[in-house]
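Enquirer: fold the following.
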Amino acid sequence: MEQAIIKASALIEAMEYIRGFKGKIVVVKLGGSILDDIDLQKKLLTDVVFMSIVGIKPILVHGGGKAITAAMNKAGLEPVWVHGRRYTDERTLTIAEHTLVNEVNQPICEVLSELGVNAMGLHSLSSCAVFANPLRLEGEDGRKLDLGMVGAVSDINAELLKTLCHSNVVPVIGPIARAKTGSKLNVNADSVAGHVAAAVRAEKLVVLSDTHGIRTDVNDPESWISTIDEAKIAEMVDDGTISAGMMPKVEACITALEGGVGKAHIIDGRIPHSLLLEIYTDRGIGTQIVK
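Expert: Numbering: from 1, shown residues only. Now for the predicted structure:
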């Protein structure tokens, strides 16, 4: 009986959130261990299906960096990194595109379909919703660094995404973009998620990672911050507390907030039902980023 009462209380707590988010778009970025662990991925996609069934309009954006690296190693190619970004030549782009579409995007769509919702893969081999310009980084000597076929998001087909959402179809976006010239560009998936959330004016952006949100001490898992604003984030970037792998996630959240998104979240996707706990409970389990 006690367990039943606890479940009923959880449903009552969730009711107000379900009512508030009904009809709203929530962008979810999938990455890290979620893409390597099939069981974990299916559990998380079950949460996405729950969101869809109760009236939320999810949009999924996925990465696939580890799978791309594995595919390159199998093909005898050694990844080259320039300021933390993968240098992408034509052969690398071909491998990345094949991996992201066939080994990541398609299986996600298939699982969503098996769980009872309609899903559509949006990527460079189908309807493309993400467009980009070639990315050039500036080196320490002021010269532009060549990253090859790597892009920075220039535009999002927001109308296509909103039309799919309101037709009860879950868009699943892979991070290979189209350039104005018609060529293809490899784009950071976190960045894609931030721009997608801004373009569709999502209610929330949720970035799933392998850490329990932003920490004041990167070596202490218990030092995670529940809520933080842009000013404090700028301080933590300046003093080096936020760096490396967390930077693209934080930058994506800032892009979303500046584009009119209500709130952005960085949570640990390895925790069972982390997505639902962050959206449907008072406490949340990760870091909530606000303006």
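Enquirer: all helices for the stretch 151-291 of the chain, in order.
Expert: Secondary structure of the stretch 151-291 of the chain by DSSP state H, counting those that start in this stretch: the helices cover 158-166, 189-199, 230-238, 246-258, 274-280.
Enquirer: those: lowest mean pLDDT?
Expert: Among the helices of the stretch 151-291 of the chain, helix 274-280 carries the lowest mean pLDDT, a mean of 81.
Enquirer: just the C-alphas of it, formatted as PDB.
Expert: Taking Å, rounded to 0.1, in the frame of the first residue of the first chain, the C-alpha atoms of helix 274-280 are listed here in PDB:
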ATOM      1  CA  SER A 274      16.700  11.400 -15.500                       C
ATOM      2  CA  LEU A 275      14.700  13.200 -18.200                       C
ATOM      3  CA  LEU A 276      11.400  12.800 -16.400                       C
ATOM      4  CA  LEU A 277      12.800  13.600 -13.000                       C
ATOM      5  CA  GLU A 278      14.200  16.900 -14.300                       C
ATOM      6  CA  ILE A 279      11.100  18.000 -16.100                       C
ATOM      7  CA  TYR A 280       8.300  16.600 -13.900                       C
END
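Enquirer: and that helix, what does it pack against?
Expert: Other helices and strands packing on helix 274-280, by 3 or more Cβ pairs under 8 Å, 6 or more residues apart in numbering; DSSP states H and E, are helix 2-21, helix 38-53, strand 204-209, strand 263-268. For every residue, glycine as well, the C-beta is placed using N, CA and C.
Enquirer: right, so the ones you listed: which one is the most enclosed?
Expert: Counting by mean count of other Cβ atoms under 10 Å, strand 204-209 has the highest mean neighbour count of the helices and strands packed on helix 274-280, with a mean of 27.
Enquirer: dump the helices and strands packed on helix 274-280 into TSV; add mean pLDDT and distance to residue 114 as well.
Expert: TSV is the format used below for the helices and strands packed on helix 274-280 (pLDDT from 0 to 100; distance: least, Cβ to Cβ, whole Å):
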stretch	mean pLDDT	distance to residue 114
helix 2-21	73	24
helix 38-53	92	9
strand 204-209	93	20
strand 263-268	91	25
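Enquirer: about what we covered before: out of the helices of the stretch 151-291 of the chain, which gets nearest to residue 70?
Expert: helix 189-199 (16.4 Å; Cβ to Cβ).
Enquirer: between that closest one and helix 158-166, how many degrees?
Expert: 80 degrees (axes from the mean of the first three to the mean of the last three Cα atoms, to 10 degrees).
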